[in-house]
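Peer 1: fold the following, please.
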Amino acid sequence: MGKRELIESFKNRSLRFIYEAEDDLNKGWYDFAVFHAEQSLQLALKALITEKEGSYPLTHDLRKLIDILNKYHDLSFIQERYSAEIDLLIQSYISSRYLPIDFNEGIAKKLILFVKEVLKRLGIWK
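Peer 2: Numbering: from 1, shown residues only. All right, here's what the predicted structure looks like:
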């Protein structure tokens, strides 16, 4: 798979994950909704990093990915206003593999909206 195909695959999968997050929310599966939102954001960030740098770092840490991409896109709004949301998304990634955390509907909705806002600003979500 070439670079362009990889980038498009990441972007498409990012969108599929956010759609899954919405579906999970409607089913009342809030932990899955938050995890899928995290996956959506992670893949979107990796897609744009790959566009700019030719490859992506082998990390799942949203803060590191945001820091890298901040060199090319002004993501200061994320770092300044959404630190708690980033922390919750990071926790959802870790808890999906190790220690389950329950999220409620309000938190899940808030995190999905946050991810959609970032995807819009990055030009991935319309």
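Peer 1: quick one: the helices in this protein, in order.
Peer 2: Secondary structure of the chain (DSSP state H): helices at 3-27, 30-53, 62-69, 76-81, 83-97, 105-121.
Peer 1: any chance of these in TSV, plus mean pLDDT?
Peer 2: Listed next are the helices of the chain as TSV, based on pLDDT from 0 to 100:
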stretch	mean pLDDT
helix 3-27	97
helix 30-53	96
helix 62-69	94
helix 76-81	84
helix 83-97	87
helix 105-121	96
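Peer 1: pick the most buried one from the ones you listed.
Peer 2: For these, the largest average neighbour count (mean count of other CB atoms under 10 Å) is found in helix 30-53, namely a mean of 23. (Each C-beta comes from the backbone N, C-alpha and C, glycine too.)
Peer 1: how about the contacts made by residue 76?
Peer 2: residue 70 (CB atoms under 8 Å, 6 or more residues apart in numbering).
Peer 1: begin at 108, not 1, for the rest of this chat.
Peer 2: All set: I'll call the first residue 108, so the last point we hit is now residue 183.
Peer 1: now do it against residue 177, distance only.
Peer 2: Distance from residue 183 to residue 177, counting by CB to CB, to the nearest Å: 7 Å.
Peer 1: next one: residue 193
Peer 2: Distance, residue 193 to residue 177, using CB to CB: 13 Å.
Peer 1: ok, residues contacting stretch 146-161?
Peer 2: Residues outside stretch 146-161 that contact it (CB under 8 Å, 6+ apart) are 110, 113-114, 117-118, 120-122, 124-125, 128, 162-164, 167, 169, 172-173, 175-176, 178-180, 196, 200, 222, 225-226, 229, 231.
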